[in-house]
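In: all I have is the shape, not the residue letters:
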């Protein structure tokens with residue numbers, strides 16, 4: 001009888017649970033003209049990237065999101081408490097893009113381009 005209990009306990013401990021399907025996080029889509037909260041870092045001029053001058057609200061660079069194959073023109077709005085952003089600094093901000101953009105939940109990053117030159121990086125603040 002003890003052998004039956006031991007075998008039963010052993011087999012129940014070895015049983016495998018069916019693997020749960022891995023949930024793939026759907027990208028987050030922002031419609032054209034939606035306000036997108038972000039953290040933005042302006043890069044210092046360094047050869048082929050960065051800027052030498054600060055930006056202010058209504059700055060309109062090209063923004064590249066990894067899920068999009070195209071660049072979107074976006075308007076940057078800085079907080080009233082920090083009306084300009086110097087190269088080398090970071091700030092919370094918002095983007096309003098001229099076209100729909102999609103962001104990966106696991107990697108909500110983007111790059112800011114001006115005249116084909118990388119001038120900034122950032123991440124979308126997802127809920």
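Out: Received, thanks. Being a predicted model, the structure only gives us computed values, none of them experimental.

In: low-confidence ranges, the protein, go.
Out: Across the chain, residues meeting the criterion (pLDDT under 70) sit at 1-24, 69.

In: just the strands from this structure, written as ranges.
Out: Using DSSP state E, the strands found in the chain span residues 28-30, 35-42, 55-56, 62-64, 72-77, 84-85, 90-97, 101-103, 109-114, 117-124.

In: what lines up beside the first one in the sheet?
Out: Yep, that's strand 28-30 we're talking about. strand 101-103 (antiparallel) (DSSP bridges).

In: repeat for the last one
Out: Looking at strand 117-124 with DSSP bridges, its paired strands and their directions are strand 35-42 (antiparallel), strand 109-114 (antiparallel).

In: give me the contacts around the first one.
Out: Among residues not part of strand 35-42, those counted as contacts by CB atoms under 8 Å, 6 or more residues apart in numbering are 30, 50-51, 54-55, 74, 76-77, 85-97, 101, 110, 112, 119-125. Placement of C-beta: from N, CA and C, glycine included.

In: center of the chain, which residue is that?
Out: residue 108 (1.6 Å; CA atoms, centre = their mean).

In: apart from its chain neighbours, what residue comes closest to that one?
Out: Distance criterion CB to CB, 6 or more residues apart in numbering; nearest residue to residue 108, sequence neighbours excluded, is residue 124 at 4.0 Å.

In: how many neighbours does the one you found have?
Out: 20 (other CB atoms under 10 Å).

In: if we can go back for a sec, out of the contacts of strand 35-42, which end up buried?
Out: Buried members of the contacts of strand 35-42, scored by 16 or more other CB atoms under 10 Å, are 30, 50-51, 55, 74, 76-77, 85, 87, 91, 93-97, 101, 110, 112, 119-122, 124.

In: quick one on the thing from earlier: the residue nearest to residue 108 contacts residue 110, doesn't it?
Out: Yes: assessed by CB atoms under 8 Å, residue 124 is found in contact with residue 110 at 6.9 Å.

In: now do the shared contacts for these two.
Out: 38, 103.

In: coming back round to it: for residue 66, which of the strands paired with strand 117-124 is the nearest?
Out: Proximity of the strands paired with strand 117-124 to residue 66 was assessed by CB to CB; the nearest stretch is strand 109-114, lying at 6.8 Å.
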